[in-house]
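K.L.:
I would like the atomic coordinates for the input below:
(chains A and B)
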2 protein chains.
Amino acid sequence: MKGHNYIGNQQSAKGTNSFFGYDPTTNAPLTGTFYEATTSEINEAIQKAQAAFDIIKDRSGEERASFLVAIADEIMALGDSLILRARSETALPEGRLTGERGRTCNQLRLFASVLRDGSWVQAKIDPAMPDREPMPRADIRSMLRPLGPVAVFGASNFPLAFSVAGGDTASALAAGCPVVVKAHPAHPGTCELIADAIIAAAQKTNMPEGIFSMVHGVSHEVGGALVKHPAIQAVGFTGSLRGGRTLYDLAASRPEPIPVYAEMGSTNPVFILPEALVQQHETLADGLFSSVTLGVGQFCTNPGLVISEQSAQSKQLLSRLSTLISESQAGVMLTSGIQGAYEKGLTELSEQSGVATSAKSDDNKINAGAGCLLSTDAQTFLSNKDLEEEVFGPSTLHVATSDMQEMMAIAKNLHGHLTATIHGTEADLKDHSELISILEKKVGRILINGYPTGVEVNNAMVHGGPYPATTDARSTSVGTGAITRFARPVCYQNFPDYLLPDELKEHNPLGIKRLVNGKWE
Amino acid sequence: MKGHNYIGNQQSAKGTNSFFGYDPTTNAPLTGTFYEATTSEINEAIQKAQAAFDIIKDRSGEERASFLVAIADEIMALGDSLILRARSETALPEGRLTGERGRTCNQLRLFASVLRDGSWVQAKIDPAMPDREPMPRADIRSMLRPLGPVAVFGASNFPLAFSVAGGDTASALAAGCPVVVKAHPAHPGTCELIADAIIAAAQKTNMPEGIFSMVHGVSHEVGGALVKHPAIQAVGFTGSLRGGRTLYDLAASRPEPIPVYAEMGSTNPVFILPEALVQQHETLADGLFSSVTLGVGQFCTNPGLVISEQSAQSKQLLSRLSTLISESQAGVMLTSGIQGAYEKGLTELSEQSGVATSAKSDDNKINAGAGCLLSTDAQTFLSNKDLEEEVFGPSTLHVATSDMQEMMAIAKNLHGHLTATIHGTEADLKDHSELISILEKKVGRILINGYPTGVEVNNAMVHGGPYPATTDARSTSVGTGAITRFARPVCYQNFPDYLLPDELKEHNPLGIKRLVNGKWE
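P.N.:
Have a look, this model is predicted:
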């Protein structure tokens, strides 16, 4: 581990502030001293990104696709060293990390296939009508073009798939935007290995220097300097509500505001309808237990809220869930900071009037994330907005309603979340379809008879939702739709064919899907 | 003229603050006393919009299309009274207003055709893979869904096409969002007539009450109350940089921030390349004169900046343009406020060091918008960012460069604009294609050998651009692309077919274009 910042292709460690990675299973520091980037290093990285943008924006999709595939290849070539370092920095199990590496590489390859297809640019052509009365119509064509340099803030809970080469970086590079990553201080060594892979891939595929940089920092100044720099044109962030809102506010107060795609907290309510509760309370308890405790509960789609009607079966569900949680072994959380925040959040929640702790698993290890079930009733929930806030970790709050009206009232009063889930039989769903109509206004993804954890990376996925789930509900941070976050439409009027981008040339040399005269061709 | 606010279908005038429309040719008040909306009237309008949203969001595209077409029909049925009132409030000539009415109605019908086609929702389907290893894949489908109630602020310079039933209202209603319009106080009577037409159309097509409301106000409080209300989910605005930025800042500082689509100032630079200057200086002078003075210069795409190399032909161009402007008759501007701001802007610009006033037309009438040509050199321009700011009216600033390097430096230093124009022969364009690459980063629309005024309403149009041209360069406020500003993707996972929106049902009952398994069908 060198602990350097990556200022384009140059490694640099001019600062005096340094820090370490830690093993969350022991709280012991790991090898490698990491140097926080100085303001001049940050500015240099952004200047290089700006220079790279002038080159990369006119490279073909095929060239950018090769770069993305090369990144995936270089990540795989890191072999076990990557998994070992990530494991030591996060306490995530090997299987999870190899799976996440696969997802990260598949994601890069998926965006490469989007670029090779080429149709993502939404090419639109309204040909000239020289004889139109009273005025001739000019030839007008438009397509999406990249925004410019993008600042990416990785997440602690996905050291690969939402970090240095994660979805934000992959989609920004795919769109044609250089990226400056703020490395996550909870896994700086993993970040360094991935940065090496990206730089190697960039050099092998002849990308301009500055297409990728990475700066370290534990202080807020590093992130703030990135977001405030006038050359940065968009921000991707995954993390806490407080962190995301801070960056959003910084970006909105710039002389020239820029978009911020912050994916933040979510409690992901699960509604259990009456007949499903009667018929499936046992399997629902098992399913909820698995989803709540998966990955020590450290997923943004963790189901932190379960709503069902008060009944004998509701009690059986809770009883079974309590037993499963009580008998489970706590996992180790990602960092001592996250573990501290989890315990604090649980304490605050359990101390709220009308909230009881129904079960908690053992916590007999360092940085234990103990599974926890809390419970309350609908009136308490409806009268206290704090109960809807995310507690990041393997806990869930059960809300017992006295009737379906209360359940609908809870749905109507929700703020924004990433997901909402409904469990119901066919009769349930027919009787209570209003619930879908309500939840559609609240979330980015509605699931029926499933669990919100496990986010597919595909075309139809929406990983987003109304505030405070994200700062921009018009987008998704997972799946191919993420690429358009980093682009804007540009219109070319009365251009000679040879000056048009290939995507808009008359004979469609790239063979992409285009809207010509109002018809998709 | 009743001067009432439209709180859903109810007319209401509970406030004590009142104002009049004025005839800009005389500054005399027109008939009708208009009542500023009170806070409770505003809140009631938004509550009705919220209730209407729950109904309209699940209506079919065909139903919303009928509503839009009915609005167009009702506007046409207003007949001459609309044109007469608009003319008396704006001093715009009859021909311009009948043309603008046509554009407004065509725009409504265009969005109706977008709804009838139905493909705008970007339906995406990734079918289930129950046998996938290691985990089965759930059925995942997504499409765009409306955001919720939208606040629309009309523009003074397009009393029909960018006002009560203008592009923002048409696109928001098309997306399925109820609209609360803040009527423009410079043409309140025109607003009232159009509001009558929209309400009549809503009732004839069985739209829920609250799908449209309109409130009057001269004070900033009315607009502020709209933007800050938690039920408002997006804002459309056309007007000044100061007004747009104020609304943007208000929206960004809400507990739950919302998108603001503010289309603001733009100077729309025109670059004249050397060979075109030699060969076409006469026709360029004529074309610039027409574009600069069209509609008394009151267009957001007015070319307020012309850049060409210092030369004999450059002098001839300026000489001819000076003569044309000096000999022209000033038109009457939209309001005395706009005329005052224009004169103030011209005075401030002409008093800047190194800027000369080369020509000005007569201003021998009330609220005269006198054509004006100012000139400076590249070094002065490059050293003073104030010279790039819009002066709203029929003026333009010529910047003489000593070489092409200076011209490129000017292009590189531009902030965001709606448009940029290049005049060049084929040889010019080949020699200086770098200019296109620079301008692509600066604007929403690049024109070659044309003039930026005259914005087509079609599929490929982009009327937008980087800040300060707009607050959201990822969108267009003109053309069919405007509809997606008021929608966000929602994902449906593992839904039984009968619960899916028609757009996502397995057998595609609407016959729309969909991305199925990565292929457009």
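
K.L.:
give me the residue from the stretch 251-400 of chain A nearest chain B.
P.N.:
Residue nearest to chain B within the stretch 251-400 of chain A (C-beta to the nearest C-beta): A:Ala252, separated by 3.7 Å. Quick note: C-beta positions are derived from backbone N, CA and C, even for glycine.

K.L.:
residues in contact with that residue?
P.N.:
A:Val260, B:Tyr248, B:Asp249, B:Ala252, B:Ser253, B:Pro257 (C-beta atoms under 8 Å, 6 or more residues apart in numbering or on different chains).

K.L.:
Could you report the separation of it from A:His229?
P.N.:
With the distance defined as C-beta to C-beta, to the nearest Å, A:Ala252 ends up 15 Å from A:His229.

K.L.:
Show me which residues of the stretch 101-250 of chain A are close to chain B?
P.N.:
Applying C-beta under 8 Å from any C-beta of the partner chain, we find that the stretch 101-250 of chain A lies next to chain B at A:113, A:119, A:124-126, A:135, A:137-138, A:140-142, A:145, A:147-148, A:248-249.

K.L.:
which two from those residues end up farthest apart in space?
P.N.:
Within those, A:Met135 and A:Asp249 form the most distant pair, 45.8 Å apart (C-beta to C-beta).

K.L.:
between these two, who's got more neighbours?
P.N.:
Per other C-beta atoms under 10 Å in any protein chain shown, whichever of A:Met135 and A:Asp249 has more neighbours is A:Asp249, with 15 against 10.

K.L.:
part of a helix, is that one?
P.N.:
Yes - secondary structure of A:Asp249 (DSSP: H, G, I helix; E, B strand; the rest coil): part of a helix.

K.L.:
Give the closest residue to it in space, chain neighbours not counted.
P.N.:
Closest residue to A:Asp249 apart from its sequence neighbours, by C-beta to C-beta, 6 or more residues apart in numbering or on different chains: B:Ala252 at 7.4 Å.

K.L.:
so what pLDDT did that neighbour get?
P.N.:
Predicted confidence (pLDDT) for B:Ala252: 98.

K.L.:
now swap in A:Ser219 and tell me
P.N.:
At A:Ser219, pLDDT is 89.

K.L.:
how far away is the nearest residue to it once chain neighbours are set aside from A:Ser88?
P.N.:
Excluding the flanking residues, the one nearest A:Ser219 by C-beta to C-beta, 6+ apart is A:Glu36, at 6.5 Å. Distance of A:Glu36 to A:Ser88, computed by C-beta to C-beta: 21 Å.

K.L.:
more crowded one of these two?
P.N.:
A:Glu36 (23 against 20).

K.L.:
doesn't A:Val222 make contact with the more buried one?
P.N.:
Yes - using C-beta atoms under 8 Å, A:Glu36 makes contact with A:Val222 at a distance of 6.3 Å.

K.L.:
Can you give the contact residues for the helix ranked longest in chain A?
P.N.:
If you go by DSSP state H, chain A has its longest helix at helix A:94-117. Helix A:94-117 is contacted from outside by A:61-62, A:64-66, A:68-69, A:71-72, A:75-76, A:82-83, A:86-87, A:90, A:92, A:120, A:158-161, A:165-167, A:170-171, A:173-174, A:295, A:457-458, A:480, A:483, A:512, B:518, using C-beta under 8 Å, 6+ apart.

K.L.:
mind saving the C-alpha coords of that helix as PDB?
P.N.:
Written as PDB, here are the backbone C-alpha positions of helix A:94-117 (Å, rounded to 0.1, in the frame of the first residue of the first chain):
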ATOM      1  CA  GLU A  94     -15.200 -13.700   1.000                       C
ATOM      2  CA  GLY A  95     -18.300 -15.000  -0.800                       C
ATOM      3  CA  ARG A  96     -20.000 -11.700  -0.600                       C
ATOM      4  CA  LEU A  97     -16.900  -9.900  -1.900                       C
ATOM      5  CA  THR A  98     -16.300 -12.200  -4.800                       C
ATOM      6  CA  GLY A  99     -19.900 -11.800  -5.700                       C
ATOM      7  CA  GLU A 100     -19.700  -8.100  -5.400                       C
ATOM      8  CA  ARG A 101     -16.600  -8.100  -7.600                       C
ATOM      9  CA  GLY A 102     -18.500 -10.000 -10.200                       C
ATOM     10  CA  ARG A 103     -21.300  -7.500 -10.000                       C
ATOM     11  CA  THR A 104     -18.900  -4.600 -10.300                       C
ATOM     12  CA  CYS A 105     -17.300  -6.100 -13.400                       C
ATOM     13  CA  ASN A 106     -20.600  -7.100 -14.900                       C
ATOM     14  CA  GLN A 107     -21.800  -3.600 -14.400                       C
ATOM     15  CA  LEU A 108     -18.800  -2.200 -16.300                       C
ATOM     16  CA  ARG A 109     -19.400  -4.700 -19.100                       C
ATOM     17  CA  LEU A 110     -23.100  -3.800 -19.100                       C
ATOM     18  CA  PHE A 111     -22.300  -0.100 -19.700                       C
ATOM     19  CA  ALA A 112     -19.900  -1.200 -22.400                       C
ATOM     20  CA  SER A 113     -22.700  -3.000 -24.100                       C
ATOM     21  CA  VAL A 114     -24.900   0.100 -23.800                       C
ATOM     22  CA  LEU A 115     -22.200   2.100 -25.500                       C
ATOM     23  CA  ARG A 116     -21.700  -0.500 -28.300                       C
ATOM     24  CA  ASP A 117     -25.400  -0.400 -28.900                       C
END
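
K.L.:
now for the following helix or strand past that helix, which elements pack on it?
P.N.:
Next in sequence after helix A:94-117, counting helices and strands by DSSP states H and E, comes strand A:123-126. Packing contacts for strand A:123-126, counted by 3 or more C-beta pairs under 8 Å, 6 or more residues apart in numbering or on different chains; DSSP states H and E, involve strand A:140-146, strand A:514-516.

K.L.:
Just checking: what are the partner strands of the helix or strand of chain A with the lowest mean pLDDT?
P.N.:
When each helix and strand of chain A is scored by mean pLDDT, DSSP states H and E, strand A:519-520 comes last, with a mean of 91. Note on strand A:519-520: by DSSP bridges, its sheet partners are strand A:514-516 (antiparallel).

K.L.:
residues making contact with the partner strand?
P.N.:
A:119, A:122-125, A:127, A:503-504, A:508, A:520-521, B:459-460.

K.L.:
Can you tell me which of those residues is nearest B:Asp362?
P.N.:
Nearest to B:Asp362 among the contacts of strand A:514-516: B:Ala460, at 40.1 Å, using C-beta to C-beta.

K.L.:
mean confidence score for stretch A:365-374?
P.N.:
97.

K.L.:
gap between it and the chain center?
P.N.:
Distance of stretch A:365-374 from its chain centroid, counting by C-alpha atoms, centre = their mean, to the nearest Å, is 24 Å.

K.L.:
Just the CA trace of that stretch, in CSV.
P.N.:
What follows is stretch A:365-374, C-alpha atoms only, in CSV (Å, rounded to 0.1, in the frame of the first residue of the first chain):
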residue,chain,number,x,y,z
LYS,A,365,-17.8,-9.4,19.6
ILE,A,366,-16.0,-6.2,18.5
ASN,A,367,-18.2,-4.0,16.3
ALA,A,368,-21.1,-6.4,16.6
GLY,A,369,-24.2,-5.5,14.6
ALA,A,370,-26.8,-7.3,16.7
GLY,A,371,-30.1,-8.2,15.0
CYS,A,372,-32.9,-6.3,16.6
LEU,A,373,-36.7,-6.3,16.4
LEU,A,374,-38.6,-3.3,17.8
